[in-house]
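[1] what would the 3D arrangement of this be:
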Amino acid sequence: MSKATWAEILLKDENFQEMMQELRSMEIAKFATSDYGQSEVRESAYRQLRALDSIETYLEGLASEKLIEEKRLKIL
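    Numbers count the residues shown, from 1 in each chain. The predicted model follows:
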């Protein structure tokens, strides 16, 4: 199985989607429930959210390689 296929399957997997949503929700809750003086907590939650976004973006990039390759082969 290619990395592109693996990424595509993973992104469509309900368990993966649910896990990512739960992780996002946990970080948003940390941000929302932090006290005024807890800027470190908010910054940590922000970094975690950006990391989750980076993971999904990376997987989407891998998955799109398959589509790009298919379109390239049609052109040739």
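[2] packing partners of the least confident helix or strand in the chain by mean pLDDT?
    Ranked by mean pLDDT, DSSP states H and E, the weakest helix or strand in the chain is helix 39-75, scoring a mean of 88. If you count contacts as 3 or more CB pairs under 8 Å, 6 or more residues apart in numbering; DSSP states H and E, helix 39-75 packs onto helix 3-12, helix 14-33. Heads up, the C-betas are built off the backbone N, CA and C, glycines and all.
[3] would you mind finding the most buried of those helices?
    Per residue and on average, the most neighbours among the helices and strands packed on helix 39-75 fall to helix 3-12, with a mean of 15 (mean count of other CB atoms under 10 Å).
[4] neighbours of L52, how many?
    L52 has 16 neighbours, counted by other CB atoms under 10 Å.
[5] ok, it to L23 distance?
    6 Å (CB to CB, to the nearest Å).
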